[in-house]
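1. pasting the sequence and the predicted coordinates here, then a few questions.
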Amino acid sequence: MRVFVINQNLEPLSPCHPAKARKLLSCGKAAVWKRYPFTIIMKQEVKNPVNREHRLKIDPGSKVTGLAILEGSRVLFGAELTHRGPAIKAALESRRAIRRGRRNRHTRYRKPRFNRFRPIGWLAPSLQHRVDTTLTWVNRLRKLAPISFISMELVRFDTQRLNNPEIAGIEYQKGELFGYEVREYLLTKWNRQCAYCGASGVPLQVEHIHPKSKGGSNRVSNLCLACQPCNIKKGTQPIKQFIASKPDILQRILEKAKRPLKDAAAVNSTRWALYHQLAATGLPVETGTGGMTKFNRTRLGLPKTHWLDAASVGQSTPENLITRNINPLVIKATGHGRRQMAQINKFGFPRQKKDGSHSVRTRTKEFHGFKTGDIVRAIVPTGKNQGTHVGRVTVRAGRVFDLTTVKGKLQSINWKYFELIWKADGYTYVHKGKKCPLMRAIRGIAIAQAH
């Protein structure tokens, strides 16, 4: 993993080796500028800097997007960006349900408006978030490295072919349910029997294989037929849990069920929006197919990971790719909190305290110099949490905070034991894999300089 370097004018220079960065920090010629990703800033003017061509490669995904920066045949930086699209979708659905409930109770609230319109190119918030977050990190990395080219995987999934590999010609127009109603199609598909117990000659109900309450869709590939006792018994259990003792039945049902296509639809919806945003940066944008990415990765003998997929995007992938000593940075979008002041229950009513008053959040976000989302180091001398811990802090109005680390959540730690590492910016950061000894030494020097 290379260290990003910028000059006194905040202009990016070529990333350097961690050993060189350690020497620059030790002799006072540079200082720490950022920790995620780790960046140093020069204190003296750099004369005649040698800036080589760098290429940023992107592998867009529904849940995780891979990022990689290449200099020739060497990978200098890798990252995996985890989106929060499902969380946004769940929050919007919860808000919609609560608003509908209030309207149905005839409380004083604005009436639903039906004169809304969506502009051309509109994307759902959960999909627009994927585009915006990816573009945010493209712009951040452009400020840290002299990027001259961008490569992006511009893939399009054929959702009908995913369901039926033999589909061709006019069958695309007929669709999966041509000539059938949904119920008649299911009766034919499941031989007019209960999918779970095989009962026939009894009233059958349409049942979701993957429960709708757990994200299951209404696609016909997620529907089956079940008798009333089996439907009631299954409830909202996952199918693998419901018939875990009957592996043969489970295998038969899963073979008939089609794999979900939500992720493919998300990539299809956002691919051109992301491409146009990248083209607006003014840099040459190379596109590649998913098949080319897989071919390059297989040819190079690389494992299947998001950041290595990104490094294999496009025809610009070199014959030999050097990926040694790269610990990819795992970036997870967490948001900036909520503006909702009242604590509400699952029915949309404000929560009440024991004295009957409503539970209201405080408007103060920062306590003792920390706010929720800050990445901190806690050095606890005694007690059950004794030791040194690094993670994301959750502040409270009192003297004790909670800390979420990669090993779990630690509760009730006094704020005096915390040291600020990184201010909250809507993301959490974790380095995947074994850390480089030189990078550990560099961070040790940075901590010493901070004190």
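-> It's in. Residues are numbered from 1 along each chain as shown.
2. stretch 362-381: which residues count as buried?
-> Applying a neighbour-count criterion of 16 or more other C-beta atoms under 10 Å, one finds F367, F370, K371, T372, G373, D374, I375, V376, A378, V380 buried in stretch 362-381. For glycine as for every other residue, the C-beta is placed from the backbone atoms N, C-alpha and C.
3. now the fourth one: how far from A397?
-> The reference is to T372. Noted for T372: a distance of 12 Å to A397, by C-beta to C-beta, to the nearest Å.
4. let me know the pLDDT of I239.
-> Looking at I239, its pLDDT stands at 86.
5. same deal with L144?
-> On the pLDDT scale, L144 gets 94.
6. what's the local residue count around it?
-> 22 (other C-beta atoms under 10 Å).
7. tell me, how many residues neighbour the closest residue in space to it that isn't next to it in sequence?
-> Nearest residue to L144 in three dimensions, chain neighbours excluded: F4, at 4.1 Å (C-beta to C-beta, 6 or more residues apart in numbering). By the criterion of other C-beta under 10 Å, F4 has 24 neighbours.
8. what do you get for Y196?
-> 23.
9. give the closest residue to it in space, chain neighbours not counted.
-> Nearest to Y196 is C230, by C-beta to C-beta, 6+ apart, at 4.3 Å.
10. list the contacts of the one you found.
-> C194, Y196, C197, A199, E207 (C-beta atoms under 8 Å, 6 or more residues apart in numbering).
11. my understanding was that the last one contacts K234; is that so?
-> In other words, E207. Yes - using C-beta atoms under 8 Å, E207 makes contact with K234 at a distance of 7.2 Å.
12. any idea how far the residue lying farthest from the centre of the chain lies from W307?
-> Centroid-distance maximum for the chain: G201 at 46.9 Å, with C-alpha atoms, centre = their mean. Using C-beta to C-beta, G201 is found at 55 Å from W307.
13. which SS class is the nearest residue to L204 once chain neighbours are set aside?
-> Spatially, and ignoring its direct neighbours in sequence, L204 is nearest to L225 (4.3 Å; C-beta to C-beta, 6+ apart). Assigned by DSSP: H, G, I helix; E, B strand; the rest coil, the conformation of L225 is strand.
14. hmm, L225 is touching E207, no?
-> Yes - using C-beta under 8 Å, L225 is in contact with E207, at 6.7 Å.
15. any common contacting residues for the two?
-> With C-beta under 8 Å, 6+ apart, L225 and E207 have common neighbours A195.
16. quick check: domain ranges of the protein?
-> Following automatic domain parsing, one finds the domains of the chain at 3-85+122-157+264-333, 175-256.
17. per-residue pLDDT, A424?
-> 90.
18. residues contacting the nearest residue to it once chain neighbours are set aside?
-> Among residues not flanking A424 along the chain, G373 sits closest, at 2.9 Å (C-beta to C-beta, 6+ apart). By C-beta under 8 Å, 6+ apart, the residues touching G373 are T334, H336, G337, R392, V393, A424, D425, G426.
19. hmm, 10 Å instead?
-> 334-337, 365, 392-395, 422-428 (C-beta atoms under 10 Å, 6 or more residues apart in numbering).
20. what do you get for I69?
-> Contacts of I69 (C-beta under 10 Å, 6+ apart): 2, 4, 15, 37, 54-57, 75-79, 141, 144-145, 147, 310-311.
21. how does it look with 7 Å?
-> Listed by C-beta atoms under 7 Å, 6 or more residues apart in numbering, the contact set of I69 reads H54, L56, L76, F77, L141, A145.
22. next: K234.
-> So K234 contacts F242 (C-beta under 7 Å, 6+ apart).
23. what's the answer for P211, then?
-> Taking C-beta under 7 Å, 6+ apart as the test, what P211 contacts is T236, P238.
24. and the strands in the stretch 201-350 of the chain?
-> For the stretch 201-350 of the chain, the strands defined by DSSP state E, counting those that start in this stretch cover 204-208, 223-227, 285-288, 329-333.
25. could you identify the most distant pair in the contacts of C230?
-> A199 and E207 (13.0 Å; C-beta to C-beta).
26. the more surrounded of these two?
-> E207 (21 against 17).
27. report the beta-bridge partners for the more buried one.
-> Legend: beta-bridge partners of E207 under DSSP bridges are C224.
28. pLDDT score assigned to it?
-> 88.
29. how near is it to G201?
-> Distance from E207 to G201, by C-beta to C-beta: 18 Å.
30. again, but for N268
-> Taking C-beta to C-beta, one finds N268 at 43 Å from G201.
31. go on, Q340?
-> Distance from Q340 to G201, by C-beta to C-beta: 52 Å.
32. ranges for the helices of the stretch 351-451 of the chain?
-> Secondary structure of the stretch 351-451 of the chain (DSSP state H, counting those that start in this stretch): helices at 437-450.
33. if you could redo that for the stretch 51-200 of the chain, that was the one I meant.
-> Using DSSP H, counting those that start in this stretch, helices in the stretch 51-200 of the chain cover 85-104, 125-144, 159-163, 171-174, 182-189.
34. show the average pLDDT along the first one.
-> Looking back up the chat, that one is helix 85-104. On average, helix 85-104 scores 82.
35. so how far is that helix from its chain's centroid?
-> 21 Å (C-alpha atoms, centre = their mean, to the nearest Å).
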